[in-house]
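Student: Any chance you can model this:
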Amino acid sequence: MVISFIVPAYNEERLLGATLDAIHAAARACGEPHEVIVVDDASSDRTAEVAAAHGAGVVHVRCRQIAATRAAGARAARGDWLVFVDADTLIDATVLREAFDALRRGAVGGGAPVRFDGRVPAYARVLLVLLVWSFRLQRLAAGCFLFCTRAAFEAVGGWDEAYFGAEEVVLSRALKRQGRFVVLRAGVLTSGRKLRAYSGRELFSALWQVARRGRRGVQQREGLDLWYGERRDDPP
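Tutor: Here you go, the predicted model:
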């Protein structure tokens, strides 16, 4: 059996190499045959070259929509188990072993708690605790790390490409209707760059606008500049 890791990437030449190295190391430590597919979504930097140099296959798309980008990777994958990892997220063998053990025991999929790297504002640390608690309580996966069986993924129609945001919540809820969906004890480390590049006022304003519009707010790119706008430099 082959495990397929799918990594969506847009202008991620700086962080992608470490992410791919971590995936390969974790999979080797678990003794699992695997493939890594990077879905290069219209990058203007060396994302594709970095992916190839770190042992990943590359799929080129021009979606600029995270659900569609991940879906393209799933179509190219040949594994029976699918693991979606964002290009700025580091996993290790501990979280991978827990994920594989859950699947072997009959889970259809799951996610993991998330930590941010580097310096993050105090409000963000508090918010993260609340989000991790909420996602565990509701059994939802964070977008930066979600795993599932191919059978369950295909049964629910995969990523819902009607969504430009909150697509991980939509998929988590769909998978839960197929069977047991778990949130692991071990976590993953993702980039806190947005929390450093945007002020608290900007972040809460963006989230409020999305919440105010409800489902419509995540079914269009407009208003989601925090995710689809020009990326700001990560301050030192």
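Student: so what secondary structure elements neighbour the lengthiest helix in the chain?
Tutor: For the chain, the longest helix by residue count, based on DSSP state H, is helix 122-138. Using 3 or more CB pairs under 8 Å, 6 or more residues apart in numbering; DSSP states H and E as the contact criterion, the secondary-structure elements in contact with helix 122-138 are strand 114-116. C-beta: built from backbone N, CA, C; applies to glycine.
Student: ok, the strand it packs on: who's next to it in the sheet?
Tutor: In the sheet containing strand 114-116, the strands it pairs with under DSSP bridges are strand 188-190 (parallel).
Student: which of the residues in the helix or strand that comes right after the strand it pairs with are buried?
Tutor: Past strand 188-190, further along toward the C-terminus, the next helix or strand under DSSP states H and E is helix 193-197. Neighbour counts using 16 or more other CB atoms under 10 Å place 193, 194, 195, 196 of helix 193-197 among the buried residues.
Student: Tell me the one of these nearest residue 13?
Tutor: Here the nearest of the buried residues of helix 193-197 to residue 13, counting by CB to CB, is residue 193; it sits at 14.1 Å.
Student: tell me the contacts of the closest residue to the closest one other than its chain neighbours?
Tutor: Beyond its immediate neighbours in the sequence, the residue positioned closest to residue 193 (CB to CB, 6 or more residues apart in numbering) is residue 234, lying 4.0 Å away. Residues near residue 234 by CB atoms under 8 Å, 6 or more residues apart in numbering: 191, 193, 196, 197.
Student: Check whether the second one really touches residue 88, as I assumed.
Tutor: Yes: taking CB atoms under 8 Å as the contact criterion, residue 193 and residue 88 are neighbours in contact, 7.3 Å apart.
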